[in-house]
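Trainee: model the structure of this input:
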Amino acid sequence: MSLSINEIIKNKRIFEIDDDCNYFILDEDKIKKCMYFDYVIAIKHGDLPYPKKWLRFFDVEHPIKGQVIPIEEYNSDDYEYVFMPYFKFPDELKKPLEELGYTIDKDYKAENFLIELDKIPEQLLPVVKNMIIENQEHSSGPEQNDFYVYEKDGELVYFLVGKEEGFVNTITDEVTTKFQDIKTLEAYETPSKDTYLFKTKDPLSSYSSERWFVYLTADPNFPRLKEVDEVADMLPYTSFKATEPKVEVK
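Mentor: Residues are numbered from 1 along each chain as shown. The predicted structure follows:
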């Protein structure tokens, strides 16, 4: 029995990709509500004197371990400080460090310097703590959003699929509801059954009710639909091969 587009999207959420007319088809049960840190430094209890233990969470598109936490596992009490990463080098920190033999470049930012230290000198901890507390007042802390969670090389990977102020990664919009009324009219498959071509009817389409989609599963974690509307676009998914045209003599 041939696969239909309606079977493909069952129990799925569909996201438009910034590459025109491409859509991720993601398992609904793999999309989780999570808390995530975006462009902050987080310090767990007892780690303040040891900058190399500070958690630097910057790139939410490629989160590192611990940057994204399922909401049911998140505990705000795990963190003593969460603050914005950039702050100036105050004289009350710079001068004592120079007296201790450290060379401070005039363009050096405090957090970049501190992260190189194995341990902050004890007499400077109150100064560093005050700097962090001041910066923490300007930080919103972790945020909540939807992440697609899948496994790769034995590790869980968190892929952000939604954000209040616009999407990140390659996703531009969620379009799940726009696919609910699409019906399959014809279906074609490759011999390996890893690529399908569908002719569909979309009663909600403002351009043409007839739409063609290719279903691609080369990446099992990110199956996708690609809409095609020209013969040339469909040829790669058919058995037709290009040949040299015969030159006609008139």
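Trainee: centre of the chain to the longest helix along the chain, how far?
Mentor: Across the chain, the longest stretch assigned as helix under DSSP state H is helix 125-136. Here the centre of helix 125-136 is set off from its chain's centre by 31 Å, with Cα atoms, centre = their mean, to the nearest Å.
Trainee: how about that helix: buried residues?
Mentor: Buried residues in helix 125-136, defined by neighbour count with 16 or more other Cβ atoms under 10 Å: V127, V128, M131, I132, N135, Q136. C-beta: built from backbone N, CA, C; applies to glycine.
Trainee: likewise for stretch 102-116?
Mentor: Applying a neighbour-count criterion of 16+ other Cβ under 10 Å, the buried positions in stretch 102-116 are A110, E111, F113, L114.
Trainee: cool, stretch 50-70 as well?
Mentor: Of the residues in stretch 50-70, those buried under the neighbour-count criterion (16+ other Cβ under 10 Å) are P51, W54, L55, R56, F57, V60, P63, Q67, V68, I69.
Trainee: and E122, how close does it get to F113?
Mentor: Using Cβ to Cβ, to the nearest Å, one gets 17 Å for the distance from E122 to F113.
Trainee: what do you get for P51?
Mentor: Taking Cβ to Cβ as the measure, P51 falls 9 Å from F113.
Trainee: burial count for the nearest residue to D29 once chain neighbours are set aside?
Mentor: Using Cβ to Cβ, 6 or more residues apart in numbering and skipping the chain neighbours, the partner closest in space to D29 is N11 (7.2 Å). Other residues within reach of N11, judged by other Cβ atoms under 10 Å, total 7.
Trainee: show me how far stretch 43-62 is from its chain's centre.
Mentor: Taking the mean of its C-alpha atoms, stretch 43-62 sits 20 Å from the chain's own mean (Cα atoms, centre = their mean).
Trainee: what's next to that stretch, contact-wise?
Mentor: Taking contacts as Cβ atoms under 8 Å, 6 or more residues apart in numbering, the residues outside stretch 43-62 that touch it are 36-42, 63-64, 66-67, 78-82, 85, 114-120, 122, 125, 128-129, 132, 160, 168-169.
Trainee: if we use 7 Å, what do you get?
Mentor: When contacts are taken as Cβ atoms under 7 Å, 6 or more residues apart in numbering, the neighbours of stretch 43-62 outside the stretch itself are 36-42, 66-67, 78-81, 114-115, 117-120, 125, 129, 160, 168-169.
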